[in-house]
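Student: Structure, please.
(one chain, ligands or ions: 2)
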Amino acid sequence: MNEKHIIEKYFHKHFEDASIVRGIGDDAAVLQSRPDHQFVVSTDTMVDGQHFVSQTPAHAIGYKLMAVNISDLAAMGAEPRWATLNLTLPNYDEGWCEAFSQGLFECAQQYQTMLVGGDLTRGECLTVSVQIIGEVPNNQALCRNTAQVGDNLYVSGCIGAAGAALTHLAAQGYDHSQLSEDEMQSLYYPQARVSLGIALRGVAHACIDISDGLLHELEIICDQSQVGADLNLDNVVCTSQLPKIDAITQGDDYELLFSAPSEQHATIMAMAERLKCQIKHIGRVTEATGVVMTHQGQVLPTPNQTGYDHFK
Ligand code: ADP
Ligand code: MG
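Tutor: Ligands and ions are numbered 1, 2, ... in the order given. Purely as a prediction, here's the structure:
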């Protein structure tokens, strides 16, 4: 097996798509841009021992790698279109490559994303990285720095299920056979909220995905928009497996947190219905600085660590 064979066998898929002028096989891909659209580009890396334990099934790593990248585009209100894949493998393992590529393409296909290139190297530590490229109509991207005082705050989905699954997995010595189907889904097969992000164009003022924890991401919106926030924990739907304060700080949830003017409330509730996606009104953007959290009528102190940080 050489490099070329590995790429051909697992990663070189042909897409009948007019946007791909030149795909895998050349020095670089050539992609046709759409008029009146802007590119939205992001990349996320997962490292063995940092983002997943070595016992993690390869299929799950492949799926999640693609999903977390697509989630970043969802948070921008963008439509994912193309991806490139950088792989650093300690050795060639046929079963691993097969399962990893299947997981990766399963997710890519679900969101109509096409793999158009990448790189393959040998290295001591298994490291997988995707760069995702999407499109948004001109100037409609949803940013983090545009929340306005008086906006309502909303979050999609149920928070903390991935954190709870990870806690359970750790307690089982990382034996994946001990996880339920639901736990596997929440930990490794997150659903990126692409349709929601697209629907929020022109409706939301600011948006972020909550991969590093709801509280931490809210602080980022506040910081970048130079506003404060009241967060009512009573309205945040969390897993019953964890205390709420843990659920909103553990991270690894790929839901969207967004702010929108109160006139949009009915539109947002109708959107939730139409997309069959739970959306909760969880607070308000204020003039103060920082986040004030309340739970059952009490103001809660902000924990020291509000979310995940590799260098903290
Ligand atoms: P070069 O040496 O010119 O960088 P490579 O041998 O790295 O070329 O890659 C050859 C082709 O295969 C390129 O089109 C590249 O984008 C693609 N490619 C390499 N690795 C991967 C991968 N892991 N997944 C998908 N495409 C890949
Ligand atoms: Mg290369």
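Student: Just the buried positions in stretch 290-304, please.
Tutor: Using 16 or more other CB atoms under 10 Å as the test for burial, stretch 290-304 gives V291, V292, M293, T302. Every residue, glycine included, has its C-beta placed from N, CA and C.
Student: Those residues of this structure touching ligand 1, which are they?
Tutor: Within the chain, the positions near ligand 1 by CB under 6 Å from any ligand atom are 3, 7, 11, 24-27, 85, 87, 115, 117-120.
Student: Does Y92 touch M1 like I think?
Tutor: Yes - in this structure Y92 lies within contact range of M1 using CB atoms under 8 Å: 5.1 Å.
Student: The two: who's more crowded?
Tutor: Legend: neighbour count by other CB atoms under 10 Å for Y92 and M1, higher for Y92 (14 against 9).
Student: what about that one, which SS state?
Tutor: coil (DSSP: H, G, I helix; E, B strand; the rest coil).
Student: where does it fall, phi/psi-wise?
Tutor: Backbone torsions for Y92, taken as degrees, to the nearest 10, come to phi -90, psi 120.
Student: Tell me which residues touch it, please.
Tutor: If you count contacts by CB atoms under 8 Å, 6 or more residues apart in numbering, Y92 has them with M1, I6.
Student: per-domain residue ranges of this structure.
Tutor: Listed domain ranges for the chain are 3-137, 152-300 (source: automatic domain parsing).
Student: Can you add mean pLDDT and give those back as JSON lines?
Tutor: Below are these laid out as JSON lines (pLDDT from 0 to 100):
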{"stretch": "domain 3-137", "mean pLDDT": "97"}
{"stretch": "domain 152-300", "mean pLDDT": "97"}
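Student: For S177, grab the count of nearby residues.
Tutor: 6.
Student: hang on, it in a helix?
Tutor: Yes - read with three-state DSSP, S177 is one of the residues of a helix.
Student: That one and P57: what is the separation?
Tutor: Per CB to CB, to the nearest Å, S177 is found 10 Å from P57.
Student: Can you add distance to T146 and give the domains of the chain back as JSON lines?
Tutor: Below are the domains of the chain laid out as JSON lines (distance: least, CB to CB, whole Å):
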{"stretch": "domain 3-137", "distance to T146": "12"}
{"stretch": "domain 152-300", "distance to T146": "5"}
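Student: returning to what we had before: now go through the residues of the chain next to ligand 1 and say which are in helices.
Tutor: Among those, the members found in helices (DSSP state H) are E3.
Student: Mark which of the residues of the chain next to ligand 1 are buried, thanks.
Tutor: Buried among the residues of the chain next to ligand 1 (16+ other CB under 10 Å): I7, F11, I24, L85, L87, L115, G117, G118, L120.
Student: Tell me how many other residues crowd I198.
Tutor: I198: 18 neighbours (other CB under 10 Å).
Student: Can you classify it as helix, strand or coil?
Tutor: At I198, secondary structure determined by three-state DSSP is helix.
Student: same question, the one 5 residues further on
Tutor: Applying three-state DSSP to V203 yields a three-state assignment of coil.
Student: for it, what are its contacts?
Tutor: Going by CB under 8 Å, 6+ apart, V203 touches A260, Q264, T267, I268, M271.
Student: and what of I7?
Tutor: Shown in contact with I7 (CB under 8 Å, 6+ apart): I24, G118, L120.
Student: Now, those that are in strands?
Tutor: Residues of those located in strands (DSSP state E): G118, L120.
Student: which among the contacts of I7 gets closest to Y63?
Tutor: G118 (16.7 Å; CB to CB).
Student: So that closest one is in contact with N86, correct?
Tutor: Yes - counting by CB under 8 Å, G118 touches N86, with 5.7 Å between them.
Student: okay but T294 is in contact with N232, surely?
Tutor: Yes - T294 is in contact with N232 according to CB under 8 Å; the separation is 5.5 Å.
Student: before we move on, the earlier item: got the buried residues of stretch 290-304 as CSV, with secondary structure columns?
Tutor: Formatted as CSV, the buried residues of stretch 290-304 follow (three-state DSSP):
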residue, secondary structure
V291, strand
V292, strand
M293, strand
T302, coil
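Student: I'm done for today, thanks for sticking with me.
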